[in-house]
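In: test case, fold it:
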Amino acid sequence: MPALRKVVIFGVGLIGGSFALALRKAGAVGEVVGFGRSATTLESAKRLGILDRIGSHAAAEVGDADLVLLATRWHRWRMFLRASRRIWGRRR
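Out: Just a heads-up that it's a prediction; the model follows:
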């Protein structure tokens with residue numbers, strides 16, 4: 001049984017894709033879900049076995065993930081931050 005049931009990766013380029021492949025090689029992950037800007041990149045990552053599926057709703061995917069990797073430029077983290085706010089609420 002893998003240590004991580006579900007990993008969600010925002011950005012499946014060199015860093016995110018390599019991270020996912022390393023988890024797979026180690027047998028440490030059950031499912032990898034990816035988000036990104038380019039449908040072409042996401043489809044390629046799925047075809048190459050980097051992703052199990054392409055995410056469509058960030059808040060739902062992040063909600064039950066064991067690990068979330070933000071492998072994007074820092075200014076693109078807004079999508080994740082919006083999703084996490086819906087899940088965990090705003091801190092006061």
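
In: now the end-to-end length of stretch 27-41.
Out: End-to-end span of stretch 27-41 (C-alpha to C-alpha, to the nearest Å): 24 Å.

In: in this protein, what spans have low per-residue confidence?
Out: 76, 79-80, 83-92 (pLDDT under 70).

In: strands of that one, start to end?
Out: Secondary structure of the chain (DSSP state E): strands at 4-10, 29-35, 53-54, 67-70.

In: quick one: residue 17 and residue 36, what's the gap?
Out: Look at residue 17 and residue 36: by C-beta to C-beta, to the nearest Å, they are 10 Å apart. (Each C-beta comes from the backbone N, C-alpha and C, glycine too.)

In: joint contacts of the two?
Out: Residues touching both residue 17 and residue 36 (C-beta atoms under 8 Å, 6 or more residues apart in numbering): residue 45.

In: identify the residues contacting residue 71.
Out: Residue 71 is in contact with 9, 10, 11, 12, 13, 15, 16, 19, counting by C-beta under 8 Å, 6+ apart.

In: can I get those residues in JSON lines including neighbour count and distance to residue 56?
Out: Compiled in JSON lines, the contacts of residue 71 are given as follows (neighbours: other C-beta atoms under 10 Å; distance: C-beta to C-beta, whole Å):
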{"residue": "9", "neighbour count": "28", "distance to residue 56": "14"}
{"residue": "10", "neighbour count": "24", "distance to residue 56": "13"}
{"residue": "11", "neighbour count": "22", "distance to residue 56": "16"}
{"residue": "12", "neighbour count": "29", "distance to residue 56": "15"}
{"residue": "13", "neighbour count": "15", "distance to residue 56": "19"}
{"residue": "15", "neighbour count": "14", "distance to residue 56": "22"}
{"residue": "16", "neighbour count": "25", "distance to residue 56": "17"}
{"residue": "19", "neighbour count": "20", "distance to residue 56": "21"}
